[in-house]
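Undergrad: Quick check, what structure comes out for this input:
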Amino acid sequence: MNTKRFWSGFGWGVLATVGMSIPMIIGTATGVAPMPEPIPKAIMTTIFGKQFPTLLIMLLAAGSHLVYGGIWAALLTQVTTRVTIRKGLGLGVFLWLLMQVVVLPFIGWGLFGTTITPKIAVATLVLHLIYGVLVGWLVDRATA
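TA: This next block holds a predicted model:
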């Protein structure tokens, strides 16, 4: 394992996660997003229950989302000699599919969010493509 590349990828992955989260937060705040709440918050609420204080749920949601994005970008630096935008997009699409078939059913929204609205699949794909482009671009520039 190349520790320096791992931690560089982790840091850039966290930043890419912030980049994908900004439109998610704006969409949620303005009511444009088709999700009834941010997915990381829905995950934490499903795990810990509605009795947990909202602030704690939000802190756990934000923290786990950032770490998750960082770890996947770090892992990408370990399985390829050069991280590119194309490989970042591949990672983004993979993580989007994982969300659609594992996470969304786990939180009760069904495959591809269809018990709420199919628009969730499109909105989350856009967010994951943003993440993928940012991971590919940032990590490539940092590790080239």
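
Undergrad: From the chain's centroid, how far away is stretch 31-47?
TA: 12 Å (CA atoms, centre = their mean, to the nearest Å).

Undergrad: do stretch 127-134 as well
TA: Its chain's C-alpha centre and that of stretch 127-134 lie 9 Å apart, by CA atoms, centre = their mean.

Undergrad: What are the contacting residues of that stretch?
TA: The contact list for stretch 127-134 (CB atoms under 8 Å, 6 or more residues apart in numbering) reads 12, 15-17, 19-20, 23-24, 69, 85, 88-93, 95-96, 99. Every residue, glycine included, has its C-beta placed from N, CA and C.

Undergrad: Which of those residues are buried, as a ChimeraX select command?
TA: Command for ChimeraX that selects the buried part of the contacts of stretch 127-134, burial taken from 16 or more other CB atoms under 10 Å:
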select :12,15,16,17,19,20,24,69,85,88,89,90,91,92,95,96,99
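
Undergrad: Where does the prediction get shaky in this structure?
TA: 144 (pLDDT under 70).
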